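Visitor: model the following, please.
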Amino acid sequence: LLAPEDTCDETTWGVHLLDLLDRGLHPERTIADGGKALRAGQAAAWPGVPCNGDVFHAEKEWTSLACYLDNRAAGCTSAHRKLECQMARLKRRGKGHTLSKRLALARQEETKAVRLACDVRTLGDWMQKDILSLAGPDLPTRRELFVFVVDELRRREPLCPHRIGPLRRMLENHQEDL
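Guide: All right, here's what the predicted structure looks like:
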């Protein structure tokens, strides 16, 4: 299938998959990402062959979110420490009160950011090791855990909507494929 193509639509995929059928490929099932063209081409070329979703893209997006939140937490920790150093210098000069409000806010932000990063890492570990892994609980238990993890993401979404929201929606939209 490593052929240069002008389009990546259902027909293009279907033609290549039919060619593979002619060459003797008769899969019992396949695994594909969420690409609609690939799935439609497969359904047309290989009717009745189930297509499972891959977990690579979901895990990649989760890892990206976790790294972003870890970096954000580290930035908050750095800002907090910097303010503590400034505060220590000001205290020696008798002006420690000037940064106390900013320092308190920095502590709060650091605590929130670290907690969020830790929570998302934990939820991601559950998703990867207990829900999406080959070995693990039965399907009904996995579905229940999946819903729980997505609900927990939804609860934390207001803390970082531009990063958590897209992942949560992707998981909801592709639950059956995953």
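Visitor: distance check, the most centrally placed residue in the chain against residue 125.
Guide: By C-alpha atoms, centre = their mean, the mean C-alpha position of the chain lies nearest to residue 62, the distance being 2.2 Å. The gap separating residue 62 from residue 125 is 10 Å, by C-beta to C-beta, to the nearest Å. To be clear about C-beta, it is placed using only N, CA and C from the backbone, and glycine gets the same treatment.
Visitor: so what's residue 70 up against?
Guide: Taking C-beta atoms under 8 Å, 6 or more residues apart in numbering as the contact definition, residue 70 lies against 117, 121.
Visitor: worst-scoring helix or strand of this protein, pLDDT-wise?
Guide: strand 51-53 (a mean of 84; mean pLDDT, DSSP states H and E).
Visitor: direction included, what does it pair against?
Guide: Taking DSSP bridges as the criterion, strand 51-53 sits next to strand 30-32 (parallel) in its sheet.
Visitor: average model confidence for the partner strand?
Guide: Averaged across strand 30-32, pLDDT comes to 87.
Visitor: now the helix or strand following it - C-alpha only, PDB.
Guide: Using DSSP states H and E, the helix or strand that follows strand 30-32 in sequence is helix 36-45. Taking Å, rounded to 0.1, in the frame of the first residue of the first chain, the C-alpha atoms of helix 36-45 are listed here in PDB:
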ATOM      1  CA  LYS A  36     -13.300   7.400   7.800                       C
ATOM      2  CA  ALA A  37     -11.900   6.800   4.300                       C
ATOM      3  CA  LEU A  38      -9.800   3.700   5.400                       C
ATOM      4  CA  ARG A  39     -12.800   2.200   7.300                       C
ATOM      5  CA  ALA A  40     -15.200   2.900   4.400                       C
ATOM      6  CA  GLY A  41     -12.800   1.400   1.900                       C
ATOM      7  CA  GLN A  42     -12.300  -1.700   4.000                       C
ATOM      8  CA  ALA A  43     -16.100  -2.100   4.500                       C
ATOM      9  CA  ALA A  44     -16.500  -1.900   0.700                       C
ATOM     10  CA  ALA A  45     -13.600  -4.200  -0.100                       C
END
